Each structure stands twice: as structure tokens, then as C-alpha cells.
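A.B. asks: Below is the structure, and that's it, no one-letter string:
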């Protein structure tokens, strides 16, 4: 205690003020930097939306923050040298506000439509806000069960999820590659390539970096 008292008494007011300001700035910087929202795509699927329609979707989460030590498992020639080790604390990140998604043709960069999110109450919306750790699914493509041509999903209204079927000129057939872009708060962005692939048996597959599903 004497050492601490002597140290504090040796500091002049200017040094104390500078130290306090520096600590406050570091605190503000850490709060801004490590608590920024981060969208993570953690799922995909296909199913029905309205009678006679098929659709596919991607699920996004505002990833919970984590701070600590993370050591991966080490192996040499197949032998484990040491197991993985993870120790730290989780914390809530800031909300990912106004998440809006658009789809583009990869070959031309042309926008082919704004996308819609599933929200509570069996509704859809063109934007969502995700609190830390919360998730929402984004509907991408839709097609009629008896038609192999597919289109970007657009609902009848926010309260009616039944797809609006566009003119033939706004439908796609066969293989196409797209780029998905999701913009959200603080000018942050998530981007991923999406491929619709047609197999030799004529079936369509919705492919992303994490896998594929029958469409």
C-alpha cells in the first residue's frame, strides 16, 4: 500500500488528467471496435411457401462476441500433440440494424431484386434488426411446383407471404450464378456467391459455400 500511495503522490495533476483521458478513449475505442455487429450465415434450407410453390432460404445470426484464448488442436502425422483449448468470455454485440439484402447476377453485376426476411407473426419484411445472438431467415428464390423456371421471391404483401409470380422475362432457367449482398448498420456488409445448378437428372440444386439442397 505504501508503494501505491508513494506512486500516486508522485504524479502531478496533468499526468493524472492525461491518463484518465487516455483510459476513457481506449474504453470508447474498445466498445466501438469489439462490439460492432457481425452477421454470420449459419444455415440454409428449402421448403414450401404458399400452396404449389417451392422456395429456398438462408439463415443469418448476429454473432455473439467472444474474447479470450482459442488454441486449435495440433496434429503431426495424424497424431494429436495437444487438444484444442478455448477459454474466455462472451458478450453481447450491438444490434445489426436495418439488414437489407439484394441479389445480383455475377456475370454482369446487374441487380435482380431486393430480398425479403421472414419475421415474427408469419410475416415478411424487406429489412430486419437483429439483436446480439438473434437470427432470421432470408428467402432467396421461389418456383412453382410444376415449373422448373425460378424467380427472386417477392411476397404479395408484408402480411401475405404468397409469392407474386413475375412475367416469363423475369424468370431464370437452368444454371445461374448470383452474388448476395446484405448491408447493415455502420456500413457493414455480408457477401456470398450463390449457384443454382441443374443436375443430369433435371433437378435443380441451391448451392452455397457450406453445401447444397434440392430446390
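C.D. replies: Perfect, thanks for sending it. The structure displayed is predicted, hence computed values, not measured ones. Numbering: from 1, shown residues only.
A.B. asks: Quickly list the domain ranges of the protein.
C.D. replies: According to automatic domain parsing, the chain comprises the domains 1-34, 38-64+95-214.
A.B. asks: ranking those by mean pLDDT, which is last?
C.D. replies: With a mean of 61, domain 1-34 has the lowest mean pLDDT of the domains of the chain.
A.B. asks: picking up where we left off before, would you turn the domains of the chain into JSON lines with distance to residue 81?
C.D. replies: Every residue, glycine included, has its C-beta placed from N, CA and C. Shown next, in JSON lines, are those (distance: least, Cβ to Cβ, whole Å):
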{"stretch": "domain 1-34", "distance to residue 81": "31"}
{"stretch": "domain 38-64+95-214", "distance to residue 81": "29"}
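A.B. asks: Tell me which of those domains is the most buried.
C.D. replies: Across the domains of the chain, averaging neighbours per residue (mean count of other Cβ atoms under 10 Å) puts domain 38-64+95-214 on top, at a mean of 16.
A.B. asks: Quick check: the gap between residue 148 and residue 211.
C.D. replies: The gap separating residue 148 from residue 211 is 22 Å, by Cβ to Cβ, to the nearest Å.
A.B. asks: between the domains of the chain, which one is nearest to residue 73?
C.D. replies: domain 38-64+95-214 (21.4 Å; Cβ to Cβ).
A.B. asks: Okay, residue 114 and residue 124: tell me how far apart.
C.D. replies: 12 Å.
A.B. asks: Residue 117 too?
C.D. replies: 6 Å.
A.B. asks: what sits in contact with each of the two?
C.D. replies: residue 139 (Cβ atoms under 8 Å, 6 or more residues apart in numbering).
A.B. asks: Next up, the contacts around residue 120.
C.D. replies: By Cβ under 8 Å, 6+ apart, no residues touch residue 120.
A.B. asks: same question, residue 143
C.D. replies: By Cβ under 8 Å, 6+ apart, the residues touching residue 143 are 53-55, 149-151, 204, 215.
A.B. asks: Bridge partners for it, pull those for me.
C.D. replies: residue 54 (DSSP bridges).
A.B. asks: what's the answer for residue 70, then?
C.D. replies: Bridge pairing for residue 70 - DSSP bridges - gives residue 86.
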